[in-house]
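K.L.:
Provided below for reference: sequence and predicted model.
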Amino acid sequence: MTRIDRKFAELQAKGKKAFVSYIMAGDPDFDTSLEIAKGLPAAGVDVIELGLPFTDPMADGPTIQLAGQRALAAGMTLQRTLDMAREFRKTDDTTPIVLMGYYNPIYNRGVDRFLVDAKEAGIDGMIVVDLPPEEDSELCIPAQAAGLNFIRLATPTTDDARLPKVLQNTSGFLYYVSINGITGAAEAEAADVGPEVARIKAKTDIPVIVGFGINTPDKAEAVAKVADGAVVGSAIVSRIAAGDSVADVLAFVKTLADGAHRA
Amino acid sequence: MNDRINSYKTGPDENGRFGNFGGRFVSETLMPLILSLEEQYERAKTDDSFWAEMNDLWTHYVGRPSPLYFAERLTEHLGGAKVYLKRDELNHTGAHKINNVLGQIILARRMGKTRIIAETGAGQHGVATATVCAKFGLKCVIYMGAHDVERQSPNVFRMKLLGAEVVAVTSGRGTLKDAMNDAMRDWVTNVDDTFYCIGTVAGPHPYPAMVRDFQAIIGKEAKEQMQAAEGRLPDTLVAAIGGGSNAMGLFFPFLDDASVNIIGVEAGGKGVNAKMEHCASLTGGRPGVLHGNRTYLLQDDDGQILEGFSISAGLDYPGIGPEHSWLHDIGRAQYVSITDVEALEAFQLCCELEGIIPALEPSHALAHVMKIAPDLPKDHLICMNMCGRGDKDIFTVAKALGVDMDTGA
């Protein structure tokens, strides 16, 4: 059982929805992003998605792309991202951390070495955008064997015929991508998302969290209402990009978390 | 030789792999789309009416077969092997790119798609895509790095004349790989009506195999034409490689002919050295995952992708088609690199000796021919793919040679 599994069991027992926040590791620099990360649990964040910077983030819109570029320019690497998680763990041993990014930096390090290092750094699971079920033998199966969750994305194009394949090796939670598109682009509509989440939940017991296109407390609440929780990424990252202070970023995160927790 | 077990032509496997290369490294949103494309392509491959339509357009619209031309003065000048040029620069739109575009657009029409997107580097694939879209009345959006928009302005204007929307990509560093990223972002956003027409033998399965199959007409014709001219197979094939579609098209029909040496020529830019000012993925990179496939990539110690560097916008890509990576690793083909300076020399020599203005891409292949031909016997037959014409490059070449185009001085 990972911290992710424990967190969802705890939320479920309390009848609460999850609020998941995304920040890019090292954006705008190592120290600032670590400080933000350390403040997230107190701001109401149940699960932290920690972005792993990559030069070619094909599923992301400009907000996350630029965050990655800022982080890389400030010297962020996979190693430094793991270092950041390790630092975070010194003060928080319960909030789950999900590493989110693309496969090449992981492949480049070597999957076996990466899994050992990630676990040791206190990472609980991962979302690797460019590894669909067809490539499960690359990282998904070894990650599960190493005791880490591999969280899969399901999308509006994942039809009923394909859904079992997507669910098969997913663990921790399922991330439902609310729109066809990239992060930070179109807005999610709870009215469209509800039936889709219900369709997925009919086929699985694992929590279904919805992300992409959620940028306000009301939207977080509306979406969390029809799912097991909501993810906000680009809206938070834009505050960091705008140069908001750590306190202001965390205050904004709290309004989003409160929204999701009202659901 | 053509026995399945001993054949180099059976790939990719059902997972889109050539050995360990290739695959389907895409987001979930795109997975159903590429599976549906694969299904449609598998059906089309054995459908006579599909190939009848292709052949008709290849003949009457593209002008195939392209000639196999004996470059007599060049051969004499080099003093060794006999040099033949496969004249794919004579195709409609001036390069081999249209061979593949026709195939993909016919498929797109069969799939009911009404909007075509493509990435382009030098602009040749963009022009070919815009051309075929104009012919069939399809909406066309071309993604091109802002830097390439600037250095290939004649092709940008051509695409606009043909009715395409040209998006200058400024994300990342505004080059071909960023254009490909943005094309993929467009595709995940417009999954219902849009078909992504990839211009090279890279990307997620089935693109590398499909584009190769459409380009294989080059090698198929060359084989027959060499047979007619010399009564035998060529001894050496040479082609330039960015992503590697013209090369794969020439090489594929010869893979099982053991006597044929196969040489791919990568862009060495300022030289394949520690400064990475080149785009020679095989000579200067290592395996990684980008744009849907595992292949050799230019990358740093952290697995971040590096920018390629070449005088030729068409070769300026940090990756290479996965089948080339496989042919490299198993040793069936040899891969070398040529610098900007060497390519420019070959460009000028070809103009002067053969009256052919080559594109900068095949000028790299020609530069390698110039290196090897003098030491080969006079009965050695080289077949080089002249995959594009150089009209688009005259401004770049003038600049490199220090000529002022306004005064011609």
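P.N.:
Done, it's in.

K.L.:
give me every residue that touches the residue in the stretch 101-250 of chain B that chain A sits nearest to.
P.N.:
For the stretch 101-250 of chain B and chain A, the shortest gap (C-beta to the nearest C-beta) falls at residue B:189, measuring 4.0 Å. The C-beta positions use only the backbone N, C-alpha and C, and glycine is treated the same way. By C-beta atoms under 8 Å, 6 or more residues apart in numbering or on different chains, residue B:189 lies in contact with A:180, A:181, A:182, A:185, A:186.

K.L.:
how many other residues sit next to the first one?
P.N.:
Looking back up the chat, that one is residue A:180. Other residues near residue A:180 number 19, with proximity taken as other C-beta atoms under 10 Å in any protein chain shown.

K.L.:
Which single residue of chain B ends up nearest chain A?
P.N.:
Of all residues in chain B, the one sitting closest to chain A is residue B:303 (3.0 Å; C-beta to the nearest C-beta).

K.L.:
OK, contacts around that residue?
P.N.:
Here residue B:303 is in contact with A:78, A:104, A:105, A:106, A:107, A:108, A:109, B:288 (criterion: C-beta under 8 Å, 6+ apart).

K.L.:
Please export the C-alpha coordinates of the longest helix seen in chain A as PDB.
P.N.:
Ranked by residue count under DSSP state H, the longest helix found in chain A is helix A:246-262. Backbone C-alpha positions of helix A:246-262 (Å, rounded to 0.1, in the frame of the first residue of the first chain) are rendered in PDB as follows:
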ATOM      1  CA  VAL A 246       5.000  31.800  -2.300                       C
ATOM      2  CA  ALA A 247       2.300  33.000   0.200                       C
ATOM      3  CA  ASP A 248       0.100  34.300  -2.600                       C
ATOM      4  CA  VAL A 249       0.500  31.100  -4.600                       C
ATOM      5  CA  LEU A 250      -0.400  29.000  -1.600                       C
ATOM      6  CA  ALA A 251      -3.400  31.300  -0.800                       C
ATOM      7  CA  PHE A 252      -4.700  30.700  -4.400                       C
ATOM      8  CA  VAL A 253      -4.200  27.000  -4.000                       C
ATOM      9  CA  LYS A 254      -6.200  27.100  -0.800                       C
ATOM     10  CA  THR A 255      -9.200  28.600  -2.600                       C
ATOM     11  CA  LEU A 256      -9.000  25.800  -5.200                       C
ATOM     12  CA  ALA A 257      -8.700  23.100  -2.500                       C
ATOM     13  CA  ASP A 258     -11.600  24.600  -0.500                       C
ATOM     14  CA  GLY A 259     -13.600  24.500  -3.700                       C
ATOM     15  CA  ALA A 260     -12.900  20.800  -4.300                       C
ATOM     16  CA  HIS A 261     -13.500  20.000  -0.700                       C
ATOM     17  CA  ARG A 262     -16.900  21.600  -0.700                       C
END
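
K.L.:
For it, buried residues please.
P.N.:
Residues A:249, A:250, A:252, A:253, A:254, A:256, A:257, A:259, A:260, A:261 are the ones in helix A:246-262 that count as buried (16 or more other C-beta atoms under 10 Å in any protein chain shown).

K.L.:
Which one of those is nearest to chain B?
P.N.:
Distance to chain B across the buried residues of helix A:246-262 (C-beta to the nearest C-beta) is lowest for residue A:260, with 23.3 Å.

K.L.:
Go ahead and confirm that closest one touches residue A:230.
P.N.:
Yes. Assessed by C-beta atoms under 8 Å, residue A:260 is found in contact with residue A:230 at 4.8 Å.

K.L.:
quick one: which of the contacts of residue B:189 has the most company?
P.N.:
For the contacts of residue B:189, the largest neighbour count, defined by other C-beta under 10 Å, is 28 neighbours, found at residue A:182.

K.L.:
you'd agree that residue is up against residue A:129?
P.N.:
No. Residue A:182 is beyond contact range of residue A:129, at 10.5 Å (criterion: C-beta under 8 Å).

K.L.:
anything in contact with each of the two?
P.N.:
Listed as contacting both residue A:182 and residue A:129 by C-beta under 8 Å, 6+ apart are residue A:59.

K.L.:
on that earlier part again, the longest helix of chain A packs against which elements?
P.N.:
Identification of packing neighbours for helix A:246-262 by 3 or more C-beta pairs under 8 Å, 6 or more residues apart in numbering or on different chains; DSSP states H and E yields strand A:18-24, helix A:30-39, helix A:217-225, strand A:229-232, helix A:234-241.

K.L.:
for the contacts of residue B:189, which one is nearest chain B?
P.N.:
residue A:181 (4.0 Å).

K.L.:
what about that closest one, which helix or strand?
P.N.:
Using DSSP states H and E, residue A:181 sits in no helix or strand.

K.L.:
Just the pLDDT for the residue lying closest to it once chain neighbours are set aside.
P.N.:
In space, and not counting its chain neighbours, residue A:181 is closest to residue B:189: 4.0 Å by C-beta to C-beta, 6 or more residues apart in numbering or on different chains. Among the per-residue scores, residue B:189 holds a pLDDT of 92.

K.L.:
can you count the residues close to the residue in the stretch 1-150 of chain A that chain B sits nearest to?
P.N.:
Nearest to chain B in the stretch 1-150 of chain A, going by C-beta to the nearest C-beta, is residue A:108, at a distance of 3.0 Å. Counted with other C-beta under 10 Å, the neighbours of residue A:108 add up to 20.
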